[in-house]
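Undergrad: from the sequence below, what's the structure:
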Amino acid sequence: MAISRRYSFFTVILAGTLALTACGGGKAGDTEIKDASADFGFQQTGFPIVDQQLSLTFSGSKSALAPDFNTMTVVKNWEKDTNIHIDWENLPETVFQEKKNLILAGGDLPDAFFNTGLTDSEIATYSASGTLIPLDGLIEKNAPNLSKLLAERPEIKAAITSSDGHIYSLPSVEELGLVQFPNELAINTAWLDKLDIPMPKTVDEFHDALVAFKEKDASGTGKTIPLSFMPGSWCGDIVDLIAALGGVPDNMDHRIVQDGKVIYTPTQEGYKKAIQTLHEWYQEGLIDPESFSQDDKAYLAKGKAAKENLGSFVWWEIPEMVGADRADDYALVPVLEGVDGQRIASQANNQEISRGAFAITNANKYPAATMRWADNLYDPLQSAQANWGPIGETLKKDANGLLVQIPAAAGTSEGERRQMVAPSGPKANTAENFKTVVAPEPRAAARQKIVAENYKPYAGNDGYPPVALSNEELQQISTIETDSASLVEQNVAKWIVSGGIEQEWDGYVSQLQGIGVDKMIEVYQQAYDRYKSNS
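TA: Residues are numbered from 1 along each chain as shown. Okay, here's the model as predicted:
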């Protein structure tokens with residue numbers, strides 16, 4: 001199928017050398033970048049990008065289910081359109097995480113990193129050393145799709161701009177509005193009906209329902225579990241219960257923003273109050289003792305036990321936890337009315353704008369052609385296919401011209417198929433594009449409705465935005481963040497199970513301050529203010 005593309009008016013003819021001197025200065029930004037794209041008949045606009053086929057080597061991570069990228073229809077189409085062949089050296093994510101520093105420090109760098117898997121610290125370190133080159137000038141001259149996006153969406157530009165004012169990696173954007181509220185509290189409505197209990201609307205009513213589940217052994221097994229969860233999990237934590245019991249929103253990072261102020265939640269009095277109450281619940285036998293030790297596998301197995309014995313849980317979605325055959329026995333609990341009659345939904349720091357989708361190394365002799373190749377993926381139709389697979393195989397146009405999902409074959413889930421046909425990488429599936437280019441997957445659309453109706457109206461905080469911290473800032477806070485998170489995790493588990501928070505709270509807060517929590521929040525506030533000024 002022919003795919004239409006939008007081109008900009010950029011018609012600057014590339015000289016043999018690009019001198020990049022973007023604002024912010026510094027050694028990396030002032031480096032002269034040599035370019036030999038013209039040797040392959042480089043075209044500033046249109047396709048193919050080069051008249052003679054050019055081969056580039058890309059490294060990075062990929063899904064464990066993904067085949068050789070060059071067997072994917074989407075990738076074949078990219079090569080056909082651009083006349084650029086990619087030698088893929090991408091590895092399953094866990095393997096790449098182990099080997100990426102060896103690749104970066106070795107003498108045989110790839111031309112670029114695709115799905116880079118690079119942390120902010122690594123991007124800062126290897127851009128400072130010159131291993132990763134600044135992309136500002138390349139974007140301006142050779143990336144009309146991305147340039148247009150960054151001009152229209154300054155917050156995306158702010159998210160990928162390093163503290164020195166330069167851009168070293170390209171973004172991946174998927175604005176479905178889902179990841180901000182991942183911790184969904186569900187309850188067994190079959191048991192509520194059985195015991196003639198209405199859906200809880202307040203935190204006290206929820207507590208009383210759990211008591212009834214336990215005292216009346218709602219499962220009939222003698223092993224009823226009223227409530228189970230996974231503290232510290234990205235989608236299995238009781239942050240909304242903490243908000244209801246203590247009035248303080250929380251998230252996995254324990255770092256929230258309220259009225260432009262960065263707050264560390266585990267030192268707040270409301271947090272203390274919530275943990276005190278959860279200890280009372282634990283003493284009543286309402287909380288699964290394994291909540292503080294189980295992993296994903298053990299946790300998800302509870303919902304699928306031979307005999308249904310789980311009363312309430314927190315997870316990303318109900319069917320994944322309990323299985324499709326039991327999903328109708330459960331429903332989401334509305335955001336509970338708690339302290340002072342407030343209903344507070346805790347917003348996570350999960351990002352829809354991420355850095356690290358693509359980076360170019362100093363080994364690349366053809367950065368202009370490489371940037372044009374990456375920019376092709378920011379065409380809205382290409383972004384959709386990078387994310388969900390090729391038009392004609394996984395996507396088709398409906399009567400309104402909107403791309404919609406073709407159902408996956410029997411025995412394969414949409415998520416599994418996506419990993420096998422969609423390479424990801426640099427892309428921009430923006431909120432606007434979900435209205436005009438590609439429809440959300442059916443399961444995503446259903447969740448959008450849930451989030452819009454159940455959680456967003458009660459958001460008690462802003463998530464911390466996708467701020468790029470400098471290497472100096474990262475070095476200042478890395479040890480503090482690790483040590484404080486460990487201290488919080490250990491104490492919260494101990495206090496909920498065994499109590500003692502009243503006597504130990506002041507010493508615990510002093511210990512966190514000694515670790516440097518105040519300094520950590522100061523750094524995050526400074527970076528947040530910088531991000532806001534840039535966007």
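
Undergrad: the strands in the stretch 151-300 of the chain, which residues?
TA: All strands of the stretch 151-300 of the chain, identified by DSSP state E, counting those that start in this stretch, fall at 170-174, 184-188, 255-258, 261-264.

Undergrad: redo those strands as JSON lines? Include mean neighbour count.
TA: (Each C-beta comes from the backbone N, C-alpha and C, glycine too.) Below are the strands of the stretch 151-300 of the chain laid out as JSON lines (neighbours: other Cβ atoms under 10 Å):
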{"stretch": "strand 170-174", "mean neighbour count": "25"}
{"stretch": "strand 184-188", "mean neighbour count": "23"}
{"stretch": "strand 255-258", "mean neighbour count": "19"}
{"stretch": "strand 261-264", "mean neighbour count": "17"}
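
Undergrad: right, and the ones you listed - which one's nearest Leu332?
TA: Checking the strands of the stretch 151-300 of the chain against Leu332 by Cβ to Cβ gives strand 184-188 as the closest, at 5.5 Å.

Undergrad: residue most distant from the centroid, the chain?
TA: Lys216 (40.7 Å; Cα atoms, centre = their mean).

Undergrad: quick check: nearest residue in space to that one, chain neighbours excluded?
TA: Nearest non-adjacent residue to Lys216, counting by Cβ to Cβ, 6 or more residues apart in numbering: Leu195, 6.1 Å away.

Undergrad: please report how far the one you found lies from Phe229.
TA: Computed as Cβ to Cβ, to the nearest Å, the Leu195 to Phe229 distance reads 22 Å.

Undergrad: go on, Asn188?
TA: Separation of Asn188 from Phe229 (Cβ to Cβ): 15 Å.

Undergrad: for the stretch 51-200 of the chain, just list every one of the helices.
TA: Along the stretch 51-200 of the chain, counting by DSSP state H, counting those that start in this stretch, helices occupy 73-82, 93-105, 120-128, 136-142, 144-152, 154-160, 189-194.

Undergrad: flag every buried residue along the shortest one.
TA: Of the residues in helix 189-194, those buried by neighbour count under the rule 16 or more other Cβ atoms under 10 Å are 189, 191-192.

Undergrad: and the contacts of that helix?
TA: Helix 189-194 is touched from outside by 197-199, 209, 213, 218-219, 308, 311, 329-331, with contacts defined as Cβ atoms under 8 Å, 6 or more residues apart in numbering.

Undergrad: and for the first one?
TA: Counting by Cβ under 8 Å, 6+ apart, helix 73-82 makes contact with 3, 47-50, 69-70, 84-86, 372-373, 376-377, 382, 385-386, 389-390, 393, 421-423, all of which sit outside it.

Undergrad: separation between Asn145 and Glu215?
TA: Distance check for Asn145 against Glu215: by Cβ to Cβ, it reads 61 Å.

Undergrad: only the buried subset of the contacts of helix 73-82, as a PyMOL command please.
TA: In PyMOL, a selection of the buried entries from the contacts of helix 73-82 looks like this (16+ other Cβ under 10 Å):
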select buried, resi 48+49+50+69+84+86+372+373+376+377+382+385+386+389+390+421+422+423
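
Undergrad: helix or strand for the residue nearest to Asn376 when sequence neighbours are not counted, which one?
TA: Using Cβ to Cβ, 6+ apart and skipping the chain neighbours, the partner closest in space to Asn376 is Gln382 (5.8 Å). Taking DSSP states H and E as the criterion, Gln382 maps to helix 380-388.

Undergrad: packing partners of the helix or strand following that helix?
TA: Moving toward the C-terminus from helix 380-388, the next helix or strand (DSSP H and E) is strand 395-397. Under the contact definition 3 or more Cβ pairs under 8 Å, 6 or more residues apart in numbering; DSSP states H and E, strand 395-397 sits against helix 380-388, strand 403-405.

Undergrad: which of Leu195 and Phe229 has more residues huddled nearby?
TA: Set side by side, Leu195 and Phe229 show more neighbours around Phe229, with 22 against 14, by other Cβ atoms under 10 Å.

Undergrad: so what pLDDT did that one get?
TA: For Phe229, the model assigns a pLDDT of 98.
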